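Q: Got a predicted structure here, sequence first:
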Amino acid sequence: MASEREVRAGLQRAGQEHLLRFWAELAPGPRAALLAELAPLEPEALREHCRRAAAACALPPGPPPDLAARLQPLPPERLGSVSRSDPETRRRWEEEGFRQIALNKVAVLLLAGGQGTRLGVAYPKGMYRVGLPSGKTLYQLQAERIRRVEQLAGERRGTRCTVPWYIMTSEFTLGPTAEFFKEHDFFHLDPANVVMFEQRMLPAVTFDGKAILERKDKVAMAPDGNGGLYCALADHHILEDMERRGVEFVHVYCVDNILVRLADPAFIGFCVLRGADCGAKVVEKAYPEEPVGVVCQVDGVPQVVEYSEISPETARLRASDGGLLYGAGNICNHFFTRGFLQMVTRECEPLLKPHVAVKKVPHVDEEGNLVKPLKPNGIKMEKFVFDVFQFAKNFVAFEVLREEEFSPLKNADPADRDSPCTTRRALLAQHYRWALQAGARFRDAHGAWLPELPSPPLHGDPPAVCEISPLVSYAGEGLEVYLQGKEFQSPLILDEDQARVLQPPES
Ligand SMILES: CC(=O)N[C@H]1[C@@H](OP(=O)(O)O)O[C@H](CO)[C@@H](O)[C@@H]1O
């Protein structure tokens, strides 16, 4: 453990000695905690971090003035589309994806270090229950999709296979996430195949470049953004772990999308068959101001321009077909080869530019009194996971259907978008569609037939409550055997037990 003298000398070099200004009044416990927090901050890096934050803050707010002129939509040859391709092509993508999964070459990697501030919960978002009849959390849905995709790939190729699950957490989420998984017996996954690791934290900084003390004995720290992934992969030797397991392809995704298809065989297969080193799933943006990044090109290089960094005028531009010119919405589902991740962590990470978020950061004043600021007083610097796209040799994007694959949980109820209510509806609407497609019909509590709408309205509950366990169906497949020609009274909870009941007796 570093001594106070060493830490103080480092802080002096970084111009941040004020972080120890309450040292004399601290008891031994808080002193040790503060030292433990400060010791890992490398002086030069801390100095640079604070300098950059202040410099970024001195720039005028909003996107760089020349950005619009440097943007172009992604060229069509880089884009694959589920809805615009024929069934045979889709089948080939899927087949290839399943083949790679069966060969144990595919892993999933969850970005789960965020604090869920907008959702307003004090625990990791993955532990959230959106109010499904089954009461499942986001983590459970994801775990079950992994189990199902392993099973499907295994059955097709007559083998057993594993999709390891890497989970990037932060100081805020590691403890509760690890505890939650233990409590739930890892949702019946082998714990050896669930690898949790922690991203780094960075101090929040004042507009004049001083790291902020949240308490007399604690620096205000925040995770270094989902682009902290690349440092974290190196810090915890994750790529070596992947290599040992023979993993070649990694599906990286963020925690909040209730419809996420983990290790999606179609996406993996598309990227592999295209020889891509890096790929992104996109959906058509719903409206110009939708808070999703856009996948496009900047100076001819594939990139994501984040929603916070595009001007409203650019976001509203239309293409000749009437759609949004920058309509390829990033849904934070990325494909990387292990080789690409290796190259990025070794060579490119330091080139990633942090993005600036101006926030209200609680702090102590000169006298040590706690202050809850009413207006923004600090800067948090974050790297973005997609900022490595610029280093790809062969970048591709893969367009999927929003109603099948994207409904993120960002806001608390009663927000009218991206809330527990809208995500729950999206999932139940999808399952109702799957059930109808498989030949089921539904009656209400009084026995009256319920409408069979091919796609129920976005803002309303589907006519019947139908929840299908991912352990029974990953993407709507294989349901006919349980549902074809059958009538159900809402609600129908099709879990493994119910599936056994509905299955015709073996002939
Ligand atoms: C840095 C980053 O990954 N931002 C992503 C991410 O946004 P958040 O607002 O950070 O959750 O998820 C969005 C999709 O839900 C995606 O559109 C956006 O580009």
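A: Perfect, thanks for sending it. Numbers count the residues shown, from 1 in each chain.
Q: can you list contacts of stretch 357-366?
A: Defining contact as Cβ atoms under 8 Å, 6 or more residues apart in numbering, one finds that stretch 357-366 is touched by 22, 57, 204, 212-216, 220, 308, 370-382. All C-beta atoms are positioned from the backbone trio N, CA, C, and that covers glycine.
Q: Would you list the buried entries among these?
A: For the contacts of stretch 357-366, a neighbour count by 16 or more other Cβ atoms under 10 Å gives the buried set as 22, 57, 204, 212-215, 220, 377-382.
Q: Would you confirm that Gln16 contacts Leu46?
A: Yes. Between Gln16 and Leu46 there is a contact at 6.1 Å, judged by Cβ atoms under 8 Å.
Q: Quickly list what's touching both of those two.
A: Listed as contacting both Gln16 and Leu46 by Cβ under 8 Å, 6+ apart are Ala211.
Q: pLDDT score for Asp299?
A: What the model reports for Asp299 is a pLDDT of 96.
Q: Skip the chain neighbours and tell me the closest residue to it.
A: Nearest non-adjacent residue to Asp299, counting by Cβ to Cβ, 6 or more residues apart in numbering: Arg70, 5.1 Å away.
Q: hmm, back to that, just the contacts of stretch 357-366: which are in helices?
A: Among the contacts of stretch 357-366, DSSP state H puts Cys57 in helices.
Q: Please flag which of the contacts of stretch 357-366 sit within strands.
A: Residues of the contacts of stretch 357-366 located in strands (DSSP state E): Leu213, Glu214, Arg215, Leu370, Val371, Gly378, Ile379, Lys380, Met381, Glu382.
Q: The nearest residue to His334 once chain neighbours are set aside: how many residues sit nearby?
A: Distances taken as Cβ to Cβ, 6+ apart place Val252 nearest to His334, at 4.4 Å, with adjacent residues excluded. Using other Cβ atoms under 10 Å, Val252 is surrounded by 22 other residues.
Q: dump the residue contacts of Val252.
A: Neighbouring residues of Val252 by Cβ under 8 Å, 6+ apart: Val108, Leu109, Leu110, Leu111, Leu229, Asn333, His334, Phe335, Phe336, Val385.
Q: What helices and strands are in contact with the one helix or strand Val396 maps to?
A: Using DSSP states H and E, Val396 sits within strand 395-399. Applying 3 or more Cβ pairs under 8 Å, 6 or more residues apart in numbering; DSSP states H and E, one finds that strand 395-399 contacts strand 79-81, helix 265-273, strand 278-284, strand 328-337.
Q: circling back: okay but the residue nearest to Asp299 is in contact with Gln303, surely?
A: No. If you go by Cβ under 8 Å, Arg70 and Gln303 don't touch, sitting 9.9 Å apart.
Q: More neighbours: these two, which one.
A: With neighbours defined as other Cβ under 10 Å, Arg70 and Gln303 compare such that Gln303 has more, 22 against 15.
Q: Direction included, what does the host helix or strand of that one pair up with?
A: Per DSSP H and E, Gln303 falls inside strand 301-305. Taking DSSP bridges as the criterion, strand 301-305 sits next to strand 294-298 (antiparallel) in its sheet.
Q: Could you check how far the strand it pairs with is from the centre of its chain?
A: Remark: strand 294-298 is offset 19 Å from the chain centroid, using Cα atoms, centre = their mean, to the nearest Å.
Q: and the direction of it versus that of strand 395-399, what angle?
A: 150 degrees (axes from the mean of the first three to the mean of the last three Cα atoms, to 10 degrees).
Q: which residues touch strand 294-298?
A: Contact with strand 294-298 is made by 67, 70-75, 280, 282, 285, 302-305, 307, 310, 315, 326-330, 389-390, 397, as judged by Cβ under 8 Å, 6+ apart.
Q: If we use 7 Å, what do you get?
A: Contact partners of strand 294-298, identified using Cβ atoms under 7 Å, 6 or more residues apart in numbering, comprise 70-74, 280, 282, 303-305, 310, 326, 328-330, 397.
Q: buried stuff in it?
A: For strand 294-298, by 16+ other Cβ under 10 Å, it's Val294, Val295, Cys296, Gln297.
Q: Would you mind putting those residues into CSV with distance to the ligand alongside?
A: Converted to CSV, the buried residues of strand 294-298 look like this (distance: Cβ to the nearest ligand atom, whole Å):
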residue, distance to the ligand
Val294, 8
Val295, 9
Cys296, 12
Gln297, 16
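Q: Please identify which of these is nearest to Gly80.
A: Val295 (12.4 Å; Cβ to Cβ).
Q: Next up, the contacts around Arg99.
A: For Arg99, the contacting residues are Arg157, by Cβ under 7 Å, 6+ apart.
Q: Just the angle for the helix or strand that it is a member of relative to strand 395-399, thanks.
A: Element membership of Arg99, judged by DSSP H and E, is helix 87-102. Going by the same axes, to 10 degrees, helix 87-102 is angled at 120 degrees with respect to strand 395-399.
Q: Heading C-terminal from helix 87-102, find the next helix or strand.
A: Assigned by DSSP H and E, the successor of helix 87-102 is strand 106-111.
Q: who does that next one pair up with?
A: According to DSSP bridges, strand 106-111 forms sheet pairs with strand 165-169 (parallel), strand 249-254 (parallel).
Q: what about the closest residue to the ligand within the stretch 401-507 of the chain, distance to Asn257?
A: Nearest residue of the stretch 401-507 of the chain to the ligand (Cβ to the nearest ligand atom) works out as Pro408 at 4.1 Å. Distance of Pro408 to Asn257, given as Cβ to Cβ, to the nearest Å: 5 Å.
Q: Cool, thanks, signing off.
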